[in-house]
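Asker: need a structure here:
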Amino acid sequence: MRGILTQEEFDALPEGQKNKGMYVIPGGGDGGSGGAAEEAHPSIVINGKAVEISGGGGTGGAEWEVYFPAETIIGTWFDKPFYRKAIEVNGPKEIKKDEVIYTLPDNVDLKMVNASATYLNGAGLVNLPYFYSTTTYYTFWIYNHQIFASCSNNTQVGGKITFIFKYTKTTD
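Answerer: Have a look, this model is predicted:
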């Protein structure tokens, strides 16, 4: 992040500087509320482009707290745009067999992953990787942009796995 600036300070920056990094302008926009500047949402500018941050509709949360399959810019990672994407995929179809369950795009440079999985036909939820014992496990790993999963018993087969990826892109 380059800095937190007033709108006047940001406007005074040279164009070349505005187009590099992330700037936060407190109370920079009314976020559709029509209220005073003190109630306004901040403006965020990443590499010269304004990022829309609403009040999240009726959820009471900000847009960056919403998880969905569309790619979302959530900030910067060492002066590069930082993205988040959430997906839900089917887990392994057989026990004790390593299966490719998803393939990431080639331009994704993965930085963080969170995962959880359902089991017992959706009655349970567990964070991955899960190791109860040497014979009871549910895990995943990533190699060459492919996500593999493996589980140890039939209660886990066919459940859904939710992934939250945070990444930069090699093409940015």
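
Asker: isn't Gln156 right up against Glu94?
Answerer: No: with contact defined as C-beta atoms under 8 Å, Gln156 does not count as touching Glu94 (10.6 Å). C-beta: built from backbone N, CA, C; applies to glycine.

Asker: the more surrounded of the two?
Answerer: With neighbours defined as other C-beta atoms under 10 Å, Gln156 and Glu94 compare such that Gln156 has more, 24 against 12.

Asker: roughly how far apart are that one and Gly16?
Answerer: 53 Å (C-beta to C-beta, to the nearest Å).

Asker: check Glu71 too.
Answerer: Using C-beta to C-beta, Glu71 is found at 27 Å from Gly16.

Asker: which one of these two has more residues nearby?
Answerer: Glu71 (15 against 8).

Asker: for the protein, give me the ranges with low pLDDT.
Answerer: Filtered on pLDDT under 70, the chain yields the residue ranges 1-3, 27-42, 51-66, 120-122.

Asker: which stretches in it count as strands?
Answerer: Shown for the chain, the strands assigned by DSSP state E span residues 3-4, 22-29, 41-46, 49-51, 72-77, 80-90, 99-103, 108-119, 124-128, 130-133, 136-143, 146-151, 160-169.

Asker: can you say which of those strands is nearest to Phe10?
Answerer: Phe10 lies closest to strand 22-29 among the strands of the chain, at 5.5 Å (C-beta to C-beta).

Asker: so what's Leu128 closest to, chain neighbours aside?
Answerer: Leaving aside its sequence neighbours, Leu128 sits nearest to Ala115 (C-beta to C-beta, 6 or more residues apart in numbering; 4.1 Å).

Asker: with Lys97 instead?
Answerer: Ser150 (6.8 Å).

Asker: equivalent analysis for Phe82, please.
Answerer: Distances taken as C-beta to C-beta, 6+ apart put Gly75 closest to Phe82, at 4.6 Å, once the chain neighbours are dropped.

Asker: cool, Lys18 as well?
Answerer: Using C-beta to C-beta, 6+ apart, the closest residue to Lys18 is Gly48 (5.5 Å).

Asker: could you give the number of residues near the one you found?
Answerer: So Gly48, with other C-beta under 10 Å, has 13 neighbours.

Asker: my guess is it meets Gln17, correct?
Answerer: No: taking contacts as C-beta under 8 Å, Gly48 lies outside contact range of Gln17: 9.6 Å.

Asker: show me the contact partners of the lengthiest helix in the chain.
Answerer: When the chain is scanned for its longest helix (criterion: DSSP state H), the result is helix 7-12. Outside of helix 7-12, the residues within contact range by C-beta atoms under 8 Å, 6 or more residues apart in numbering are Lys18, Tyr23, Ile25, Gly28, Ser43, Val45.
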